[in-house]
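Novice: take a look and give me a structure for this.
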Amino acid sequence: MRSEKLTRGWFAVTTLVALTGLVTQVIATATDPGGRLANLLCFFTIDSNLLVAATSALVALGTARTKLFAVLWLDALVGIIVTGIVYQVALAGLYELHGLSLFADTMLHKVTPILFVLGWLVAGPRGALTWRTVWWSLLYPLAWLAFTLPRGAITGFYPYPFVDATALGYGRVTLNCIVIGLFFTALAIGARFLDRRLSNTRPTALGSGA
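Specialist: As a prediction, the model looks like this:
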C-alpha cells in the first residue's frame, strides 16, 4: 500500500511538472510577437509531454488499466526519451532562450523526461508492454509525421531543422525520419524487454499479455 501511494505521488508530481512546462510554453508563445499557438502541436516535444501528463495523471488516479493506456504509456515513455536525447544531441544551443521560454524549455526537455523515466524504472507500471503494444505505439510517430510534414508544405513552418523539407529537400528529410523512426522502434522494443526484466511474477494494474 505504501509503495502504491508513493507511485501515485511520484506520477502526480510528474503530471504537475509536465503541465507547468506546457502552460508556461503556451504563455511564452502567446506573448511572443512572432509566436503562433497553432504551431505548438507540431512539436514532438509538446505532444510527448501531453502524453506524459495524461498517462501520469491516470497512474496517479489509479485508473491505468486498459490496453489503450498501455499503448499511450509506451508512446509517452519512448516519446519523452526521444525528446530528451534528440534535444541534447541536435537542438540544444540552437536558440537563445530567456525568461518563460527558458523555464518551459528546461521543464519540457529535462525535468519531465527525468521524472517520467525514473518513475517508470523504479515504480512501473509493469507487465503490459507486449509486442502488440510495441507495434501499435508506432502509430504515434507516424501520425506526427503525417500531420507535421504536409502542414509544413502548406504553411512553410517546420518545428525542427531536420524535418525542414524547404531547406533540406524531401530526400534528406525522409532519411532523417527513417533514422528517428528506427530509433523510436528500437527504444520501444528495448522498453518491452526491460519491462519484462523489471516485472515481478504478477503484473501490475496495467494487466498482462503476450
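Novice: name the helix or strand for the residue nearest the centre of the chain, please.
Specialist: Among the residues of the chain, the one closest to the centroid is residue 48, at 2.6 Å (C-alpha atoms, centre = their mean). Per DSSP states H and E, residue 48 falls inside helix 44-61.
Novice: contact partners of that helix?
Specialist: 7-9, 11-12, 14-15, 18-19, 21-22, 25, 40-41, 64, 69, 72-73, 75-76, 79-80, 82-83, 86-87, 108-109, 112, 116, 119, 125, 140-141, 144, 159-160 (C-beta atoms under 8 Å, 6 or more residues apart in numbering). For the C-beta atoms, the positions are set from N, CA and C on the backbone; glycine is no exception.
Novice: just the buried subset of those residues, please.
Specialist: Among those, those classed as buried by 16 or more other C-beta atoms under 10 Å are 7-8, 11, 14-15, 18-19, 21-22, 25, 40, 64, 69, 72-73, 75-76, 79-80, 82-83, 86-87, 108-109, 112, 116, 119, 125, 140-141, 144, 159-160.
Novice: take these and keep only those in strands.
Specialist: Of the buried ones among the contacts of helix 44-61, none are assigned to strands by DSSP state E.
Novice: quick one: residues contacting the nearest residue to residue 141 once chain neighbours are set aside.
Specialist: Nearest non-adjacent residue to residue 141, counting by C-beta to C-beta, 6 or more residues apart in numbering: residue 184, 5.1 Å away. If you count contacts by C-beta under 8 Å, 6+ apart, residue 184 has them with 78, 79, 82, 138, 141.
Novice: and residue 182, by the same measure?
Specialist: Residue 182 neighbours (C-beta under 8 Å, 6+ apart): none.
Novice: what about it, distance to residue 108?
Specialist: 24 Å (C-beta to C-beta, to the nearest Å).
Novice: same check, this time on residue 70
Specialist: According to C-beta to C-beta, residue 70 and residue 108 sit 24 Å apart.
Novice: so which of the buried ones among the contacts of helix 44-61 belong to helices?
Specialist: Taking DSSP state H, the ones among the buried ones among the contacts of helix 44-61 that sit in helices are 7-8, 11, 14-15, 18-19, 21-22, 25, 69, 72-73, 75-76, 79-80, 82-83, 86, 112, 116, 119, 140-141, 144.
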